[in-house]
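Chemist: Below are the sequence and a predicted model for it; my questions follow.
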Amino acid sequence: MCAMKAERARRKVIGMKPFLRGLGRAALALLFPMLVVPGMSLAAASSDNIDTYLQLLRSDIRSQKTKILAEAMDFSEAESKAFWPVYREYELEQAAIGDERAQLFKDYAAAYYTMTDEKAEEIMRRSFALDKRHTELRERYFDRFEKATSARTAARFYQIEAQVDALVYIRFAAEVPFFPKPGNGAAPPPVPTPAPGKAN
């Protein structure tokens with residue numbers, strides 16, 4: 001099953017190839033292994049396991065994203081000195097929103113098998129609010145990136161960031177099940193497999 005998920009993720013990445021030419025082969029080589037490694041089902045995982053999974057995924061994203069940006073942006077020395085201090089502040093504010101989004105995914109996983117219309121609405125409202133804050137953050141920092149470098153450089157950065165985010169979203173979304181349909185509810189949680197040699 002994990003191999004099938006990895007193959008689906010690989011095919012989705014290949015399908016996006018025409019949109020990713022600007023990243024360069026080296027940048028994609030950095031990102032691709034993170035996207036296709038076997039993951040976990042968030043609905044079937046414990047809270048501690050979800051915490052570990054999200055922390056590892058986000059840590060990988062942060063470290064690889066900086067390398068990808070450095071390569072794809074191809075800064076001059078002056079641009080680099082002007083851009084990276086602003087980016088570090090931007091990334092800190094993004095991380096705060098990311099913390100809330102991670103908590104939202106945890107709450108979704110915890111409520112999955114007992115999902116109600118009220119809970120589904122709450123989750124979606126929170127998601128919309130986070131999307132709005134993220135858009136506002138990007139708009140606010142565009143002015144700062146433009147002032148530090150140029151409008152074209154700022155636009156190029158956001159374009160590259162959007163491509164990387166799209167790839168990461170594909171990887172993560174593959175592990176998140178759809179909301180259960182009303183009426184029938186969700187399937188019951190999986191029964192733990194007894195350890196070898198243990199009686200049922």
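Modeler: Cool, the structure landed. Worth saying up front: this structure is predicted, and the values here are computed from it rather than measured.
Chemist: Could you name the helices and strands sitting against the helix ranked longest in the chain?
Modeler: In the chain, ranked by residue count with DSSP state H as the criterion, the top helix is helix 77-111. Packing partners of helix 77-111 (3 or more Cβ pairs under 8 Å, 6 or more residues apart in numbering; DSSP states H and E): helix 47-73, helix 117-148, helix 151-173. For glycine as for every other residue, the C-beta is placed from the backbone atoms N, C-alpha and C.
Chemist: how about it: buried residues?
Modeler: Residues of helix 77-111 classed as buried under the neighbour-count rule (16 or more other Cβ atoms under 10 Å) are 82-84, 86-87, 90, 94, 98, 101-102, 104-106, 108-109, 111.
Chemist: Not counting its own residues, what contacts stretch 114-131?
Modeler: Contact with stretch 114-131 is made by Ile97, Glu100, Arg101, Leu104, Asp107, Tyr108, Ala111, Phe179, Pro180, Pro182, Gly185, Ala186, as judged by Cβ atoms under 8 Å, 6 or more residues apart in numbering.
Chemist: CA atoms only: put that stretch into CSV for me.
Modeler: Taking Å, rounded to 0.1, in the frame of the first residue of the first chain, the C-alpha atoms of stretch 114-131 are listed here in CSV:
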residue,chain,number,x,y,z
THR,A,114,-17.0,10.8,15.2
MET,A,115,-17.3,13.5,12.6
THR,A,116,-20.5,15.7,12.8
ASP,A,117,-21.7,18.5,10.5
GLU,A,118,-20.9,21.0,13.3
LYS,A,119,-17.4,19.7,13.6
ALA,A,120,-16.9,19.7,9.8
GLU,A,121,-18.1,23.3,9.6
GLU,A,122,-15.8,24.3,12.5
ILE,A,123,-12.8,22.7,10.8
MET,A,124,-13.5,24.4,7.4
ARG,A,125,-14.1,27.8,9.0
ARG,A,126,-10.7,27.5,10.7
SER,A,127,-9.1,26.4,7.4
PHE,A,128,-10.6,29.4,5.6
ALA,A,129,-9.3,31.8,8.3
LEU,A,130,-5.8,30.3,8.0
ASP,A,131,-5.9,30.7,4.2
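Chemist: Run a quick neighbour tally on His134.
Modeler: Counted with other Cβ atoms under 10 Å, the neighbours of His134 add up to 16.
Chemist: What residues does the nearest residue to it once chain neighbours are set aside make contact with?
Modeler: Once flanking residues are discounted, His134 sits nearest to Ile97: 5.6 Å by Cβ to Cβ, 6 or more residues apart in numbering. Ile97 makes contacts with Leu130, Arg133, His134, Leu137, as judged by Cβ under 8 Å, 6+ apart.
Chemist: Brilliant, that's me finished.
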